[in-house]
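1. Take a look and give me a structure for this.
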Amino acid sequence: MRVTGIDAFRRGWVAVILEVTSPAGIRPERPRVHAVRVHESLVAVLGASGGVAGIDMPLGLLESGWREADVMARGLLGARRSAVFAIPPRAVWAEPDYPAANRRCRELTGKGLSAQAWGLRAKLIEANRYRETCGHPLYEVHPELAFGAMSGAPLALSKHTAPGLELRRELLARAGIVLPAGRSGLAARAPAADTLDAAAVAWSAWRIATGQAVVIPAQPQRDGQGREITIRY
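-> Here you go, the predicted model:
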């Protein structure tokens, strides 16, 4: 069995593909890294993977109001809550620029849109279009929730610090996920923090595939086409 975790970065997408082997009827073993791949498009990175895939990108947009999954995730992360962006309704993402989107967000929700969330726009649209048209089993995952589950509590250290990166490597290694020490070719283009996030998402994809993942909210919201809006980890 292979599963994939995907994270976005400025120049494209990084994917960590895990492989799990176990005899029939035996509880699946811990996953191992099969490959780390980088592509400019989501279609390309998923075409090179297989099985269940998780992605660190919001999937599913409401027509009005805020997504319950984001509210719950922020509550679970405590001091790390700022790692989860509040994702506004679909119409906000159709605006041509940030000022217009911010105004539209205030009209629809009574609150503004963060510039950081708006920075997701191109990748968010790409990921949602893929889920809506391609049929690949793709699930939204948040890596900070995954790392929190690995450690037993939300991480106090930011991934933007050397100690924070090292802690994340250690947690992944304890789960059997050891990333290659040296990266070459396209894989070297992805920042270390994004590659570690992709690995944590892959760990969650393994949990999804084996029925171990936590799903929030338990009773999902639905978008205008009936697709669920949840975060798994």
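2. domain ranges for this protein?
-> Following automatic domain parsing, the chain resolves into domains at 2-59+135-215, 88-119.
3. Let me know which of these is tucked in deepest.
-> When neighbours are counted by mean count of other C-beta atoms under 10 Å, the highest per-stretch mean among the domains of the chain falls to domain 2-59+135-215, a mean of 19. C-beta coordinates here come from the backbone N, C-alpha and C atoms, glycine included.
4. quick revisit: which one of the domains of the chain has the lowest average pLDDT?
-> Across the domains of the chain, domain 2-59+135-215 has the smallest mean pLDDT, namely a mean of 90.
5. In this structure, what residue spans correspond to helices?
-> Residue ranges of the helices in the chain, as given by DSSP state H, are 42-47, 68-77, 90-93, 98-109, 115-118, 121-134, 143-151, 162-174, 192-209.
6. The fourth one to helix 121-134, inter-axis angle?
-> When you say that, I think you mean helix 98-109. Angle between the axes of helix 98-109 and helix 121-134 is 60 degrees (criterion: axes from the mean of the first three to the mean of the last three C-alpha atoms, to 10 degrees).
7. Helix 98-109 packs against which elements?
-> helix 90-93, helix 115-118 (3 or more C-beta pairs under 8 Å, 6 or more residues apart in numbering; DSSP states H and E).
8. let's see it at 6 Å
-> Contacts of helix 98-109 with other secondary structure elements, assessed using 3 or more C-beta pairs under 6 Å, 6 or more residues apart in numbering; DSSP states H and E, are made with helix 90-93.
9. Next: the fifth one.
-> For helix 115-118, the packing partners by 3+ C-beta pairs under 6 Å, 6+ apart come out as none at all, with no helix or strand in contact.
10. In contact with the closest residue in space to residue 151 that isn't next to it in sequence, which residues?
-> For residue 151, ignoring the flanking residues on the chain, the nearest one in space by C-beta to C-beta, 6 or more residues apart in numbering is residue 171 at 5.7 Å. Counting by C-beta atoms under 6 Å, 6 or more residues apart in numbering, residue 171 makes contact with 147, 150-151.
11. Quickly name whichever of these is closest to residue 43.
-> Using C-beta to C-beta, the shortest approach to residue 43 within those belongs to residue 147, at 27.8 Å.
12. how far away is the closest one from residue 169?
-> With distances taken as C-beta to C-beta, to the nearest Å, residue 147 is found 11 Å from residue 169.
13. next one: residue 18
-> For residue 18, the distance to residue 169 equals 16 Å [C-beta to C-beta].
14. how about the closest residue to residue 126 other than its chain neighbours, what does it touch?
-> Nearest in space to residue 126, with sequence neighbours left out and distances taken as C-beta to C-beta, 6+ apart, is residue 42 at 5.3 Å. Listed by C-beta under 6 Å, 6+ apart, the contact partners of residue 42 are 13, 126, 130.
15. measure the closest residue to residue 62 other than its chain neighbours to residue 146 for me?
-> When the adjacent residues along the chain are set aside, residue 62 lies closest to residue 89, with 5.1 Å between them (C-beta to C-beta, 6+ apart). Distance, residue 89 to residue 146, using C-beta to C-beta: 27 Å.
16. Please apply the same query to residue 208.
-> 11 Å.
17. same check, this time on residue 87
-> The spacing between residue 87 and residue 146, counted by C-beta to C-beta, is 18 Å.
18. ok, now how distant is the residue most central in space within the chain from residue 4?
-> Among the residues of the chain, residue 56 comes closest to the average C-alpha position under C-alpha atoms, centre = their mean, at 1.4 Å. In this structure, residue 56 lies at 12 Å from residue 4, with C-beta to C-beta as the measure.
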